[in-house]
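Engineer: Sequence below, structure please.
(one chain, ligands or ions: 1)
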Amino acid sequence: MKHLIDPTDLTKKEIDEIVALAEDIIAHRERYQGSMAHKKLATLFYEPSTRTRLSFTAAMMELGGQVLGFSNPQNSSAAKGETVQDTVRVVGCFADIIAMRHPIEGAPLVASEVSSVPIINAGDGSHSHPTQTLTDLLTIKRELGRIDDITIGFCGDLRFGRTVHSLIKALSRYHGIKVVLIAPDELRLPDYIKQDVCEKMGVAYRETDSLDEAIPELDVLYMTRVQKERFLDEDEFDRVKDSFVLDARRMALAKEKMAVLHPLPRVNEILTEVDEDPRAAYFRQVENGKLVRMALIISLMEWKDDLHCTNAKCICNNEKHEPRFRLAENGITRCWYCDSKVR
Ligand code: ASP
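Structural biologist: Residues are numbered from 1 along each chain as shown. Sure thing, here's the model as predicted:
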């Protein structure tokens, strides 16, 4: 069984397969209509969401499956003090797959340690948002025809923006990626991503505080909202909230083929005058989110039964323990208990 907690839980090959499956769904929707019949997705959302929760719901419905869950933890046993692990143990008795959003970083990972069904991280604090990353990759592929060899500018809140962190991690596996980090000092990308991802994986990056200076070289401009809910200090938020705004004047400086992405919701960082520009891809990106989640649900449900440890001497093949796996070096999946290769 495989969970999706961080984009690096998927190999590049698996990501490309999910993107390709989403493209096949676009071309042949009717073929996939009943593929999740009699299956149930639970959406456990401990934090507000419109797009992510509804797109998971719409994705499962289009596949012929059903959806249960909560969108407000006050209506769940979390309000009585139940732990995340206990909640997923319970929900695993009702659902075949779980999508979880949580304001506490690491909550979906902890859930996956005890879950009997695949867990999808639908966003944990300012840490990670792997299904938005799959959405972004499908959007880049559809807008530009490729994911390799692009210069991508991330603009705005790079400190708290989990979608930025996840997308940089995933892009670091592709060829010829150049990253331009466009942010004020207070909202710069955390050092651990610069060092552990960009430097380690050989991704060329540079930092600037001028969108005007950066925009002409970009193939993709990834705009973000300044995330008020992550700030501890309101004055700091007020100082940076209007920092970087995309308008028609700035779009005139950009390449003819540049794609503007935004995970949404936007507040004021993209003026509505940009919406009619053919390069504004952010509403098409929303539709891609549903399609790629359809592809992800199908893939995780297939992998659920697929993986097994091949070591006859492993504890999971000798006692009744749920097979568990981890993605190890070079994209090899290994048994959690004995480190043997699987699949
Ligand atoms: N929708 C995105 C997220 O859940 C971006 C945002 O909220 O600003 O992280």
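Engineer: so who does the residue nearest the centre of the chain touch?
Structural biologist: For the chain, the residue sitting closest to the mean C-alpha position, by Cα atoms, centre = their mean, is Pro130 at 2.1 Å. Pro130 sits next to Leu4, Ile5, Asp6, Pro7, Asp9, Leu10, Ile120, Asn121, Ser166, Ala170 when contact means Cβ atoms under 8 Å, 6 or more residues apart in numbering. (Each C-beta comes from the backbone N, C-alpha and C, glycine too.)
Engineer: Tell me which of those residues fall in helices.
Structural biologist: Using DSSP state H, the subset of the contacts of Pro130 located in helices is Ser166, Ala170.
Engineer: Could you identify which of the contacts of Pro130 has the most neighbours?
Structural biologist: Sorting those by how many neighbours each has (other Cβ atoms under 10 Å) puts Asn121 first, at 28 neighbours.
Engineer: Next one, pLDDT for that residue please.
Structural biologist: The confidence metric pLDDT takes the value 98 at Asn121.
Engineer: Begin at 479 from now on, thanks
Structural biologist: Okay, residue one is now 479; in that scheme the one you just asked about reads as Asn599.
Engineer: I'd say it and Leu482 touch.
Structural biologist: Yes: contact criterion Cβ atoms under 8 Å: Asn599 and Leu482 qualify, at 6.2 Å.
Engineer: Quickly list what's touching both of those two.
Structural biologist: With Cβ under 8 Å, 6+ apart, Asn599 and Leu482 have common neighbours Pro608, Thr609.
Engineer: thinking again about what came up before, any figure for the gap between the nearest residue to the residue nearest to the centre of the chain once chain neighbours are set aside and Thr641?
Structural biologist: Distances taken as Cβ to Cβ, 6 or more residues apart in numbering place Pro485 nearest to Pro608, at 4.6 Å, with adjacent residues excluded. Applying Cβ to Cβ, to the nearest Å, the value for Pro485 to Thr641 is 11 Å.
Engineer: and for those two, which residues touch both?
Structural biologist: Thr611.
Engineer: so who does the closest residue to the ligand within the stretch 579-728 of the chain touch?
Structural biologist: Here the stretch 579-728 of the chain gets closest to the ligand at one residue, Arg703, 3.9 Å apart by Cβ to the nearest ligand atom. Under the criterion of Cβ under 8 Å, 6+ apart, the neighbours of Arg703 are Gly634, Asp635, Gly639, His740, Pro741, Leu742, Pro743, Arg744, Val745, Glu747.
Engineer: how about it, phi and psi?
Structural biologist: phi -90, psi 140 (degrees, to the nearest 10).
Engineer: what does Glu800 give?
Structural biologist: phi -60, psi 120.
Engineer: thought Ala692 was touching Ala661?
Structural biologist: No: counting by Cβ under 8 Å, Ala692 sits too far from Ala661 to count as a contact (10.7 Å).
Engineer: So between the two, which is more surrounded?
Structural biologist: Ala661 (25 against 22).
Engineer: The lengthiest helix in the chain near the ligand at all?
Structural biologist: Ranked by residue count, the top helix of the chain under DSSP H comes out as helix 760-784. No: taking Cβ under 6 Å from any ligand atom as the criterion, helix 760-784 and the ligand are apart, separated by no less than 9.8 Å.
Engineer: Around the ligand, which positions in the stretch 479-628 of the chain sit nearby?
Structural biologist: Residues of the stretch 479-628 of the chain lying near the ligand (Cβ under 6 Å from any ligand atom): Gly601, His607.
Engineer: 5 Å instead?
Structural biologist: Gly601 (Cβ under 5 Å from any ligand atom).
Engineer: Do you have the helices of the stretch 479-628 of the chain handy? List them.
Structural biologist: For the stretch 479-628 of the chain, the helices defined by DSSP state H, counting those that start in this stretch cover 490-505, 529-540, 562-569, 585-592, 608-622.
Engineer: Show the average pLDDT along the second one.
Structural biologist: To tie it back to what came earlier, the one meant is helix 529-540. The model assigns helix 529-540 a mean pLDDT of 96.
Engineer: try the third one
Structural biologist: Helix 562-569 shows an average pLDDT of 95 in the prediction.
Engineer: Check the longest one too.
Structural biologist: On average, the pLDDT along helix 490-505 is 96.
Engineer: helices and strands around that helix, which ones?
Structural biologist: helix 608-622, helix 760-784 (3 or more Cβ pairs under 8 Å, 6 or more residues apart in numbering; DSSP states H and E).
Engineer: between that helix and helix 760-784, how many degrees?
Structural biologist: Between the axes of helix 490-505 and helix 760-784, defined by axes from the mean of the first three to the mean of the last three Cα atoms, to 10 degrees, the angle is 120 degrees.
Engineer: Helix 490-505 vs helix 608-622, what angle?
Structural biologist: 60 degrees.
Engineer: can you list contacts of helix 490-505?
Structural biologist: Under Cβ under 8 Å, 6+ apart, the answer for helix 490-505 is 485, 488, 509-510, 612, 615-616, 619-620, 625, 648, 651-652, 766, 769-770, 772-774, 776-777, 809.
Engineer: For this structure, name the helix or strand with the lowest mean pLDDT.
Structural biologist: strand 803-805 (a mean of 70; mean pLDDT, DSSP states H and E).
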